[in-house]
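Colleague: A predicted structure for the sequence below; I have some questions about it.
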Amino acid sequence: MIDSFIFDLDGVLVFTDKYHYAAWKEMADDLGVYFDEKINNRLRGVSRMESLEIILERYEGPALSKEEKEALAQKKNNIYRELLKKMSPDDVSEDVRFTLKELKKRGMHLAIGSSSKNAKLILEKVGLMDSFDAISDGENISRSKPDPEVFVKAALFMDKKPESCMVVEDAFSGIEAAKAAGMKAAAIGDARNSEKADFKIEKLSDILNLIAV
Ligand code: B16
Ligand code: MG
């Protein structure tokens with residue numbers, strides 16, 4: 001029986017994807033590399049360094065050293081964190097707030113399972129830091145989605161078994177990670193096109209109808 005939910009952050013609870021895009025775009029433009037929204041879609045749920053490698057598929061300049069790549073990722077992150085300063089509790093929809101409160105009321109355990117190293121900063125900015133029993137994010141994993149590590153750790157932090165957890169994800173890589181962890185996977189947004197998802201939802205509150213499964 002499902003008694004725990006693990007939420008992806010970017011694309012599920014908040015929409016920081018527009019800031020990721022703006023920051024990568026500025027970095028790519030400065031480097032003279034083509035980058036658009038379609039390429040940006042491939043970066044959902046993917047770690048920062050892996051995202052950079054995807055963007056560099058179009059790079060035609062001289063070979064970049066590890067240090068140069070790290071500097072590019074750092075540059076993107078600095079721009080991104082500057083943009084995150086604009087975030088406030090208004091960036092969390094009524095539907096998201098209602099759903100989290102309702103799940104708590106029904107005795108569910110709640111965790112974050114995000115690839116982002118900025119997850120805690122985002123949760124603080126939008127006032128959701130105290131809404132979760134556990135946070136598993138880019139700071140406590142060594143392998144990124146589709147590896148199940150981030151969700152396995154979230155379940156561990158809550159002291160829950162994988163089979164009692166449902167993951168809510170907007171990324172293909174996240175749905176794969178949830179299934180590899182032995183959990184149920186509910187897809188929202190882009191991930192609704194994934195054949196591996198157990199459930200497809202339009203809005204977050206739709207998961208309230210899935211609890212009895
Ligand atoms: P950072 P999620 C992911 O967050 C984003 O979807 C992905 O675009 C980003 O590259 C990744 O976090 C790492 O983020 O650079 O902040 O560590 O969807 O797993 O919550
Ligand atoms: Mg996401």
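Modeller: It's in. Ligands and ions are numbered 1, 2, ... in the order given.
Colleague: end to end, how far does stretch 35-52 reach?
Modeller: Taking Cα to Cα, to the nearest Å, the first and last residues of stretch 35-52 lie 11 Å apart.
Colleague: does any part of it sit near ligand 1?
Modeller: Yes - Stretch 35-52 reaches ligand 1 (Cβ under 6 Å from any ligand atom) through Leu43, Arg44, Gly45, Val46, Ser47, Arg48, Ser51. From N, CA and C alone the C-beta is placed, and that goes for glycine too.
Colleague: Tell me how this protein divides into domains.
Modeller: 4-14+89-209, 17-84 (automatic domain parsing).
Colleague: Compare these and give me the one nearest ligand 2.
Modeller: domain 4-14+89-209 (3.6 Å; Cβ to the ion).
Colleague: Could you identify the helix or strand that succeeds the lengthiest helix in the chain?
Modeller: If you go by DSSP state H, the chain has its longest helix at helix 66-84. Sequence order places helix 94-105 as the next helix or strand after helix 66-84, per DSSP states H and E.
Colleague: Now do that following helix: everything it contacts.
Modeller: Phe5, Leu13, Leu110, Leu128, Ser131, Lys203, Leu204, Ser205, Ile207, Leu208, Ile211 (Cβ atoms under 8 Å, 6 or more residues apart in numbering).
Colleague: Stretch 152-162 now?
Modeller: 3-4, 6, 109, 111-113, 133-136, 140-141, 151, 165, 181-183.
Colleague: List only buried entries from those.
Modeller: 4, 6, 109, 111-113, 133-136, 141, 151, 165, 181, 183 (16 or more other Cβ atoms under 10 Å).
Colleague: and which of these is nearest to Leu121?
Modeller: When those are compared for distance to Leu121 (Cβ to Cβ), Ile135 wins out at 11.6 Å.
Colleague: okay, now Lys76: neighbour count?
Modeller: 22 (other Cβ atoms under 10 Å).
Colleague: can I get the contacts of helix 94-105 in TSV with secondary structure?
Modeller: Listed next are these as TSV, based on DSSP: H, G, I helix; E, B strand; the rest coil:
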residue	secondary structure
Phe5	strand
Leu13	coil
Leu110	strand
Leu128	coil
Ser131	helix
Lys203	coil
Leu204	helix
Ser205	helix
Ile207	helix
Leu208	helix
Ile211	coil
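Colleague: Pick the most buried one from the domains of the chain.
Modeller: Mean neighbour count (mean count of other Cβ atoms under 10 Å) peaks for domain 4-14+89-209 among these, with a mean of 20.
Colleague: Quick one: name the residues of the protein near ligand 1.
Modeller: With Cβ under 6 Å from any ligand atom as the criterion, the chain comes near ligand 1 at residues 8-11, 20, 43-48, 51, 77, 114-118, 138, 171.
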